[in-house]
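In: how does the following fold in three dimensions:
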Amino acid sequence: MRVTTLAIIFTALCAGAAGAAPPAKPDPSTKITVQLLWDQKIPMRDGVKLSATIYRDPKQTKPLPVILTMTPYIAQDAADRGVYYAQHGYVFAAVDLRGRGNSDGSFLPSRSEGKDGYDTVEWLAKQPWCDGQVAMWGGSWRGFTQWAIAKEFPPHLKAIAPTSSVYPGVDYPQKAGIFQSYMLRWLTYVHGHALNDGIFNSSALWTNADVEQVTSGRAFADLEQITGASGTVFRTWLAHPREDAFWQAVTPRPEHYAKLQLPILTIAGFYDGDQLGALTYYERHMASGPKSVTARHVLVLGPWDHAGTRHPKAELAGATFGANAVVNMEDLHKAWYDQVLKGGPAPAFLKDRVACFITGRNTWIYASELKQIEGTPIKFELDATGAAAGDVTRGGHLVPQAAAAATVTVTSDPRRLPTPEELEADDAPWLVNQRNAYADSPGRVIWTSAPLAAETVFAGRAKLQIQIAIDQPDADVGAQLYEVLADGTAMELSYAVVRLRYRGGGVQPVFMTPGKPERVEFPAMSFFARAVAKGSRLRLVVHSVPYVGMQRNTNTGGDLATEPLSKARIAKITLMTGPGTASALEIPRPDEALLEAKPH
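Out: Just a heads-up that it's a prediction; the model follows:
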């Protein structure tokens, strides 16, 4: 069985996928021998010892900077990178997190990484082969680990390079307050000392459990009993569906960002399930950090999925981006480490502090600040005149100004399941398939723009707001944005979802008043950058269709972890457009000066 497209975006690209990323390739041109310091025991302040595998050139007599990764995925998965860095003038240390691999203790994800990382950095700095400088490498959970350590301020930590970083409480294990069953799958993957990759990779096991939870009408928390995967922190996490004090305790706060003195290299992808986490770290640092420090924080945004942020490719999920999308991340990291640790020149690729790939043009643009790339938006008002739910031929229109008031109603059925054909459909080309738009479902409605008169470059996070009235206290509403080319083919650009009880942000739920219209602002849509072709149309799909793998909203206002789906209610959601509703989509464009610069 296969999950549907949006579930892939929200889950399969998230935290655990990094454990299966393709390895870095050692440099075959070098003759440098690499030697291991195997299973080195690093003492923590409470007596627990972590296991480290150290890679170094035994002929190197002078102390060198150390590149550190701390991982829940077992230290041996970094072997090729260890060899690479040892062959290029560094010592590399791969350390099993507490309770993982050969390390002592028990692994409680997110609770010990910071303090254990502090102790690890300071131990490494004292070793005779270290010159007192420790920098970090890694993506996904290993990216979060870097930020968790940075907020503890170990004196010898000199740089971090977090890629596609999980931000616990922001983008994982839930996003917009919506959990995914993937979190239990990931917790099983990293439970105990072994890497349970066979169970993790059994997609049929997890999809069947999702289907069973819905068909049986059981609560989301019952996935433990349905799968038999008990003993993890699954239920503990379910008690914290927003970024509350539980999550805030393990991630940087404004006072931490204000004290940071590190150069930072952040990398994220347009189609990366942890893009939100990476950009949240970046923007919070920009907001609270000293200008002299934030000026040394570099951001790279490319057309990659989660694994692709480590190993970029020119093609993804049926879309082709061009050869310039393929960045050699090993070379980029090494050049950046050479700059910040050894006083070398800036990497040739980094022509300014923000690098952003433009799909459709196969080129990079550069800016000193992200807000230059997310420049003045183009506004499209939503016009529902003549629109009918579930009919792509009777959609609404994206227009400069909606002239008349109109409404269209979608249906949210929390117990809806895809047909067997939909479950078995091939979702590999999910960026270009159009099943979501053409599906006959009362849970979705489509808006389409007129053909664009000229090629238009959009870049950034679109903002969507819609006037909504609902007959229940709660529901989930999602949105997807596409380019539809003149030949009828389509390219997915961006997405967002709002759980209405959290529509105002914050930690506490605020339920809708049934029947009362309210202007709802969606969370910012995911970042993308694309030259939309002349003659193409923009397509906005707004829906309330539950997806396999995502926690279902019962629509009742009850506790969504423990309330059985058998108590769920069907909700009617009326979308209102026209004067006075402010129902509109705003899509940012880069500053013209960036687009007029010489292509790179």
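In: separation between the residue nearest the centre of the chain and Ala268?
Out: In the chain, the residue lying closest to the centroid (CA atoms, centre = their mean) is Asp274, at 1.4 Å. According to CB to CB, to the nearest Å, Asp274 and Ala268 sit 8 Å apart. The C-beta positions use only the backbone N, C-alpha and C, and glycine is treated the same way.
In: common neighbours of these two, please.
Out: Ser164 (CB atoms under 8 Å, 6 or more residues apart in numbering).
In: residues near the closest residue to Thr489 other than its chain neighbours, how many?
Out: Computed as CB to CB, 6 or more residues apart in numbering, the closest residue to Thr489 that is not its neighbour in sequence is Val432, at 6.6 Å. Neighbour count for Val432, taken as other CB atoms under 10 Å: 15.
In: try Asp471
Out: Count around Asp471 with other CB under 10 Å applied: 16.
In: and if you look at the one 4 residues further on?
Out: Other residues near Ala475 number 27, with proximity taken as other CB under 10 Å.
In: which residues touch it?
Out: 412, 500, 512, 544, 553, 555, 571, 573.
In: mind running it again at 7 Å?
Out: Residues near Ala475 by CB atoms under 7 Å, 6 or more residues apart in numbering: 412, 500, 544, 553, 555, 571, 573.
In: restricted to strands, list these.
Out: 412, 571, 573 (DSSP state E).
In: for those, give me CSV that also has pLDDT.
Out: As requested, the ones in strands among the contacts of Ala475 are exported to CSV (pLDDT from 0 to 100):
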residue, pLDDT
Ser412, 97
Ala571, 98
Ile573, 98
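In: list buried residues within the residues you listed.
Out: 412, 571, 573 (16 or more other CB atoms under 10 Å).
In: what's across from the second one in the sheet?
Out: Taking DSSP bridges, one finds Ser412 as the beta-bridge partners of Ala571.
In: circling back: how about the contacts of Ala475, which pair is most distant?
Out: Asn553 and Ile573 (11.4 Å; CB to CB).
In: picking up where we left off before, does the residue nearest to the centre of the chain touch Pro162 like I think?
Out: No: contact criterion CB atoms under 7 Å: Asp274 and Pro162 do not qualify, at 10.1 Å.
In: roughly how far does the nearest residue in space to His297 that is not next to it in sequence sit from Leu157?
Out: Nearest residue to His297 in three dimensions, chain neighbours excluded: Ile264, at 4.4 Å (CB to CB, 6+ apart). To Leu157, Ile264 is 11 Å away according to CB to CB.
In: name the residues contacting each of these two.
Out: With CB under 7 Å, 6+ apart, Ile264 and Leu157 have no common neighbours.
In: C-terminal to the lowest-mean-pLDDT helix or strand in the chain, what's the next element?
Out: In the chain, the helix or strand scored least confidently by mean pLDDT, DSSP states H and E is helix 5-7, which has a mean of 48. Helices and strands here follow DSSP states H and E; after helix 5-7, the next one along the chain is strand 35-43.
In: phi and psi next, for the closest residue to Ala561 other than its chain neighbours.
Out: Counting by CB to CB, 6+ apart, Leu238 is the residue found nearest to Ala561 once chain neighbours are left out, at 4.1 Å. The phi and psi torsions at Leu238 (degrees, to the nearest 10) take the values phi -60, psi -20.
In: next: Ile199.
Out: phi -70, psi -40.
In: then Thr53?
Out: phi -110, psi 120.
In: now stretch 167-178 - C-alpha only, CSV.
Out: Extracted C-alpha coordinates of stretch 167-178, given in CSV (Å, rounded to 0.1, in the frame of the first residue of the first chain):
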residue,chain,number,x,y,z
TYR,A,167,12.4,21.9,15.5
PRO,A,168,10.6,19.8,18.2
GLY,A,169,7.2,21.3,18.9
VAL,A,170,7.2,23.3,15.6
ASP,A,171,7.5,20.9,12.7
TYR,A,172,7.8,17.5,14.4
PRO,A,173,6.3,15.4,15.8
GLN,A,174,3.4,17.6,14.8
LYS,A,175,2.9,20.5,12.4
ALA,A,176,0.1,23.0,12.9
GLY,A,177,-1.0,20.9,15.9
ILE,A,178,-1.5,17.9,13.7
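In: starting at the chain centroid, how far to it?
Out: Here stretch 167-178 is found 10 Å from its chain centre; the criterion is CA atoms, centre = their mean, to the nearest Å.
In: which residues of the stretch 51-200 of the chain fall in helices?
Out: 79-86, 113-125, 141-150, 182-189, 197-200 (DSSP state H, counting those that start in this stretch).
In: please export the C-alpha coordinates of the third one as CSV.
Out: What it means is helix 141-150. Once non-C-alpha atoms are left out, helix 141-150 reads as follows in CSV (Å, rounded to 0.1, in the frame of the first residue of the first chain):
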residue,chain,number,x,y,z
TRP,A,141,17.4,15.1,14.1
ARG,A,142,21.2,15.7,13.9
GLY,A,143,20.3,19.2,13.0
PHE,A,144,18.2,19.7,16.1
THR,A,145,21.0,18.2,18.1
GLN,A,146,23.3,21.0,16.9
TRP,A,147,20.9,23.7,18.0
ALA,A,148,20.3,21.9,21.3
ILE,A,149,24.0,21.9,22.0
ALA,A,150,24.5,25.5,20.8
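In: pull the residues that contact it.
Out: 15, 18, 69-72, 113-114, 117-118, 121, 136, 138, 157, 160, 162-168, 250-252, 260, 262, 281.
In: of those residues, which belong to strands?
Out: Counting by DSSP E, these contribute 69-71, 136, 138, 157, 162-163 to strands.
In: got TSV for the residues you listed, with neighbour count too?
Out: Shown next, in TSV, are the ones in strands among the contacts of helix 141-150 (neighbours: other CB atoms under 10 Å):
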residue	neighbour count
Thr69	22
Met70	29
Thr71	23
Met136	27
Gly138	27
Leu157	25
Pro162	27
Thr163	28
